[in-house]
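# Show me the folded form of this:
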Amino acid sequence: MQHWKIILTYDGTPFHGWQIQPGLPTVQGTLAHAIAHVTGETVLPQGSGRTDTGVHALAQVATFPLAAPIPGPNLHRALNRALPSSIRILTVSPVPPGFHARHSALRKTYEYRIFPRTAPSQPVDPAAAQNTADRICSPMLAPFVWDCPWPLDLGRMQHAAPHILGEHDFTSFAASDPDLTTRTSTPDPDPDPDLDQKKDAIRFISESTWQQKDELFLYRVTGSGFLHHMVRNLVGTFVDIGAGRLSPDAISSILAARNRSAAGPTAPARGLFLVSVDYPAVGDLS
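Residues are numbered from 1 along each chain as shown. A predicted model of the protein is given here:
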């Protein structure tokens, strides 16, 4: 058996998340169907993480074994021909049997994109903003950003972002009732520990920053792992801070509360992107 690692990008809009679900279009299910079409083999590719409905990926990683002696470049071309245009394979490479897309991952990076209705170059004054015409979010951009209706102070959000750096218990930012639609109706042979926050909600965050780029507000976060809805709950809380509903220094008390109700709302899925996944050297896994 040859073990393969692929890096793929996808528009999550038409899919009910990564994980295969009976009767619903998912990225994992669509990829498995394409592999079967190309090779005649039935395999379930394992992803680095299980993105939710509507979440996108710039560089998701998946692994799977194949018995067919197909060269990597041929497999790459054939899979892209078999897949819908919403999913593209970027690279295909052989890996040792010990490499696993999720279990071997060291850290992941996500990015969240916000389209602020009030132009970022304008000073944020909620009272004055009521007399200012909102910017219009293009329908070409709307599926990939949060078209946020409130005036936001980027400086307040930038001040708050570093408060989550380091190791913390992120119970306050985890989904209080994990979405059952992310799970199949049959037992999962390879459960994702990031979805089981009841056991351990401690994660290490090495990057947490807000910046303005091309009239968007971008949040970038890198960590050892992320609980269900954790990034979207962080963004919703930072937006509450940017809108003046919370203090920029509130993050520490929210973390200490270990209660989902202490944090802000869950940001929409459409603004979230899985950017990259880091691994140890392949030689260390052989």
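# buried residues in stretch 224-240?
Using 16 or more other Cβ atoms under 10 Å as the test for burial, stretch 224-240 gives 225-240. C-beta: built from backbone N, CA, C; applies to glycine.
# Out of these, which is nearest to Gln158?
Of all those, Phe238 has the smallest distance to Gln158: 9.3 Å, by Cβ to Cβ.
# On the three-state scheme, that closest one is what?
Look at Phe238: counting by DSSP: H, G, I helix; E, B strand; the rest coil, its state is helix.
# quick one: contacts for it?
Neighbouring residues of Phe238 by Cβ atoms under 8 Å, 6 or more residues apart in numbering: Met157, Ala160, Ala161, Trp210, Tyr219, Gly264.
# What pLDDT does the model give the nearest residue to the last one once chain neighbours are set aside?
Spatial nearest neighbour of Gly264, chain neighbours left out: Thr237 (3.5 Å); criterion: Cβ to Cβ, 6 or more residues apart in numbering. We have a pLDDT of 98 for Thr237.
# Tell me who's in contact with Thr237.
Applying Cβ under 8 Å, 6+ apart to Thr237 gives the contacts Phe173, Leu246, Ala250, Ile251, Ile254, Ala263, Gly264.
# Also Ser86?
Shown in contact with Ser86 (Cβ under 8 Å, 6+ apart): Tyr10, Asp11, Thr13, Pro14, Phe15.
# Tell me how many other residues surround Arg81.
10 (other Cβ atoms under 10 Å).
# my guess is it is in a helix, correct?
Yes - counting by three-state DSSP, Arg81 falls inside a helix.
# What strand or helix carries Glu167?
For Glu167, the host element (DSSP states H and E) is strand 166-169.
# Make sure Asp147 is indeed in a strand.
Yes - residue state for Asp147 (three-state DSSP) corresponds to a strand.
# Would you mind confirming that it makes contact with Arg113?
No - the criterion here is Cβ atoms under 8 Å, and Asp147 misses it with Arg113 at 10.4 Å.
# Pretty sure Gly225 sits against Ala201.
No - contact criterion Cβ under 8 Å: Gly225 and Ala201 do not qualify, at 10.2 Å.
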